[in-house]
Structures are given as structure tokens and as C-alpha cells.
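Enquirer: Provide a 3D model corresponding to the input given below.
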Amino acid sequence: MTILRHHGRPVRRVARLAWLFALSCLVVTQPAAAQFFSDNPPPVPPNNVPEAPTPSGPAISLAPPSPGPASTPGLPATLTQPPVTTAPPPTPTTQANLPGQSVLALSARFGKDLPVVNAGIIWRVYSDKPDANGVFQLVREDRSATPNIVLAPGGYVIHASLGLVSAVRPVTLRQETLRESFELPAGGLRIEGKVGSSKIPQGQITFSLYKGSQFEVGERAPIAQNVAAGDVLLVPEGVYYIISNYGDANSVVRSDIRVQAGKLTDVTVTHRAAVITLKLVSDKGGEALANTAWSVITPAGDVIKEYNGAFPRVVLSEGEYRVIAKNEGKVFERPFNVSNGVDGEIEVIAR
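Expert: Down below sits the predicted model:
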């Protein structure tokens, strides 16, 4: 079950656009979130990018990374051709004292009639043709929101990325300034977990994000894995499902959510589980015996988790269980119940 919360009341809503603007500045400085999107290598421009008239057509949205190549209208089916090498960038200067040079003015919006993106974009400009070695040259990279890039006239491919949202467009530069505006329909997603009335601490819960609904048929690869609680992802607007893992046993929750462009969606995933500590003791309340092997099983005998040690801690969904302890060739067991939000200690008497 998924509950969206704002000011302590369970409602489903998204934050105001202004939150994402401040958030975009945060995203490019937070290592935890950046691992998912800030420095992913860009797609390599295809071998035969068609020259576009001036002004060029609308931006072409690209799907998030996937195991197979994605087809894009007007471009070849694959964007994973020869490796890119970086050409020395021209010395920045003004257009006025650069005869024979052009200025490429770039900007982006979250969508038509939506506000401009003021932080977090990575712009990459490539040559539109490979060199003699078949390598596409990365001509310039810029991380400002609205860069003015000075280039020689000619054909280029612009790649813009904001989180997991990206777009690519071929352009032709002439002597005059060329202004290009992209649509990057990104929305922010921030996930946290709770059990009972308590927030699950960071480090005890992780999330994986998948495109589409959990009820759709077919296997899909996650677009983000091991997302920590409180991290912010920028993803294309649309429907996603979250797989939430509290601990490393059987407390798993699946939740469908919708992300809107230009808005921050806060999601709280509720688990019904508890943290259980296991002890094998000679007498009730005694010291735990070391070198114990543990198996936590269902009443039907299905193994949920196995551990070794004196004090294993396991997060279990509420329900009925049996625990088996093996020590010095002897086997001991007992049944126990787990109640939602009630952490506890289970002692197995070695008799």
C-alpha cells in the first residue's frame, strides 16, 4: 500500500513547481541522487544524422536506458555506435569579436506552457559526422541552464539530459545566432518508508523503480535500483511502480505511482513488519550461544532466511513463523508470531 503524505495528512498530491526548481539545484550537488543520472555517458550520435533546416524541428524525446536499442523517428535504430572522443573546445568569447563564428543559444522547459528548467541540465554538442577513424567528436559540454555556445558554422547534434530524461536534435549553424528550446518533461520523485507510525531509517529500506504498472504483462528491467530513502530522482512523466524492500527477508511492498512533469511527487510506502532478534539460550533470559545456524521458515516449511551467529536480526512481515536453531550438532525450534510495528526478541531454549 502506498500513502502520499503532506503536512502529516495522507493525501495524494504533488508539490508546487517551485519545489522542483529548488530541488534541481540540489540534485546536481547530492552524490546519492547523482549516482542515478548526473554522469551517465550520453548516447553517441548516429552515423547519418540528417541535416535540419533552420530553425530545426521539435526535440525528439528518448526513452530511459534499457537493455536493447531504442528507435527514434528520423534517426537510425541505435544510438550506441563508435566511441566518442573529445575535441578541444574553442576559447569562449563574444560573438562580436568572432568573425565567421556562430552562437548556439540553448534553453529548456518542462513541457509546453510549463516553466523553464533553471538547473540540472547537461548539454552535450557533437559533430554530426564521424571523423576519419569513425569516431564522433564531442565538441562541447555545458551544465548551465541557458548556455550560449560559440561554434564554427556547420552541422551538429545537441543532446540534452535532465536526470533520466533526455532529448536529441540535429541543427545547422550559420553566421547568425541560433536559438533552440527543448522540452524535457521531467518530474521529481522522492520515496520514504514507514512501519506502523514510525519512519523507517535510511539504510534499512531501499527502492527499485520500474516503468509502467506492476499489473502490466512482461518482464522489465529497473530504471533505478537501490534508491535510498529521501533521495530524489528526476524521471520522465508517466506511470511507474516501486518495489520497496525493508530489510533483506520478506518485507516487500509494490506500489503504482504517477509522476507529473515539473512537479515533485512525495511517496510514503507503508510496510507491515517488525524487527526480530533471535537468541539460542540454555535457560530463559540466559546468554546467547555462539556458533548457531538459524533458519526462519513459514508454517508450511518454506525457508525465508538463513543466518549464522549469536544475535541475528531479521525484518519479517507480520504473520506466523517457525525458527530452527542448530548448535553443536543439535537442533532446536519454536513457533512465533510477528505483529506489525512490534519489534521483539525470540528466545529458543536449547533443551
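
Enquirer: what about Asn340, neighbour count?
Expert: Asn340 sits with 14 neighbouring residues when counted by other C-beta atoms under 10 Å. For glycine as for every other residue, the C-beta is placed from the backbone atoms N, C-alpha and C.

Enquirer: how about the strands in the stretch 201-350 of the chain?
Expert: When assigned using DSSP state E, counting those that start in this stretch, the strands of the stretch 201-350 of the chain occupy the ranges 205-211, 224-228, 232-236, 238-246, 251-259, 264-271, 273-281, 293-297, 303-308, 313-317, 319-327, 330-338, 344-349.

Enquirer: skipping adjacent residues, who's closest to the residue nearest in space to the middle of the chain in space?
Expert: Nearest to the geometric centre of the chain sits Ala224, at 3.7 Å (C-alpha atoms, centre = their mean). Leaving aside its chain neighbours, Ala224 sits nearest to Leu209 (4.4 Å; criterion: C-beta to C-beta, 6 or more residues apart in numbering).

Enquirer: okay, that neighbour: pLDDT?
Expert: If you check Leu209, the pLDDT there is 97.

Enquirer: contacts only, for it.
Expert: 189, 222-225, 227, 233, 235, 240-242 (C-beta atoms under 8 Å, 6 or more residues apart in numbering).

Enquirer: need the buried ones from the residues you listed selected in PyMOL.
Expert: In PyMOL, this line selects whichever of the contacts of Leu209 come out buried by 16 or more other C-beta atoms under 10 Å:
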select buried, resi 189+223+224+227+233+235+240+241+242
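
Enquirer: just the contacts of Leu209 now: which is nearest Ala350?
Expert: Proximity of the contacts of Leu209 to Ala350 (C-beta to C-beta) peaks at Gln225, which lies at 40.7 Å.

Enquirer: skipping its backbone neighbours, what lies nearest that closest one in space?
Expert: Nearest one to Gln225, counting by C-beta to C-beta, 6+ apart, is Ser208 at 4.8 Å.

Enquirer: from Asn118, how far off is that neighbour?
Expert: Distance, Ser208 to Asn118, using C-beta to C-beta, to the nearest Å: 30 Å.

Enquirer: ok so, going back, what residues are bridge-paired with the residue nearest to Ala224?
Expert: Beta-bridge pairing for Leu209 (DSSP bridges): Ala224, Ile242.

Enquirer: can you pull out the strands in the stretch 51-200 of the chain?
Expert: So, for the stretch 51-200 of the chain - with DSSP E, counting those that start in this stretch - the strands run 60-62, 84-86, 102-109, 122-127, 136-142, 148-151, 154-162, 165-173, 178-183, 186-195, 198-199.

Enquirer: and those, which one is worst for confidence?
Expert: Minimum mean pLDDT among those: strand 60-62, a mean of 30.

Enquirer: so what's Glu320 up against?
Expert: Glu320 sits in contact with 298-299, 335-338, where contact means C-beta under 8 Å, 6+ apart.

Enquirer: test my guess that the residue nearest to Gln225 contacts Tyr241.
Expert: No - the pair Ser208 / Tyr241 is not scored as a contact, 9.3 Å apart, by C-beta atoms under 8 Å.

Enquirer: shared neighbours of these two, which are they?
Expert: Residues touching both Ser208 and Tyr241 (C-beta under 8 Å, 6+ apart): none.

Enquirer: most tightly packed of the strands of the stretch 201-350 of the chain?
Expert: Highest mean neighbour count among the strands of the stretch 201-350 of the chain (mean count of other C-beta atoms under 10 Å): strand 232-236, with a mean of 24.

Enquirer: who's Arg179 bridged to?
Expert: Ala105.

Enquirer: can you count the residues close to it?
Expert: When counting by other C-beta under 10 Å, one arrives at 13 neighbours for Arg179.

Enquirer: next one: Gly285
Expert: When neighbours are counted by other C-beta under 10 Å, Gly285 registers 7.

Enquirer: next one: Leu106 from Gly100, what distance?
Expert: The value you get for Leu106 to Gly100, if C-beta to C-beta is used, is 21 Å.

Enquirer: those two - which one has more neighbours?
Expert: Neighbour count, other C-beta under 10 Å: between Leu106 and Gly100, Leu106 has more, with 22 against 7.

Enquirer: ok, that one - contacts?
Expert: With C-beta under 8 Å, 6+ apart, Leu106 has these contacts: 123, 142, 146-149, 158, 160, 180-182.

Enquirer: let's see 6 Å
Expert: 123, 147, 180 (C-beta atoms under 6 Å, 6 or more residues apart in numbering).

Enquirer: mind giving me the PyMOL select for those, buried ones only?
Expert: A single PyMOL command is used to select the members of the contacts of Leu106 judged buried by 16+ other C-beta under 10 Å:
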select buried, resi 123+147+180
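
Enquirer: gap between Leu151 and Gly100?
Expert: 11 Å.

Enquirer: my bad, should have said Ala229
Expert: Counting by C-beta to C-beta, the gap from Ala229 to Gly100 is 54 Å.

Enquirer: same thing with Ile304?
Expert: The value you get for Ile304 to Gly100, if C-beta to C-beta is used, is 71 Å.

Enquirer: for Asn250, same thing?
Expert: For Asn250, the distance to Gly100 - C-beta to C-beta - is 67 Å.

Enquirer: make TSV out of the contacts of Glu320 and add distance to Ile200 and pLDDT.
Expert: Listed next are those as TSV, based on distance: C-beta to C-beta, whole Å; pLDDT from 0 to 100:
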residue	distance to Ile200	pLDDT
Thr298	23	96
Pro299	27	93
Pro335	27	97
Phe336	22	97
Asn337	21	97
Val338	16	97
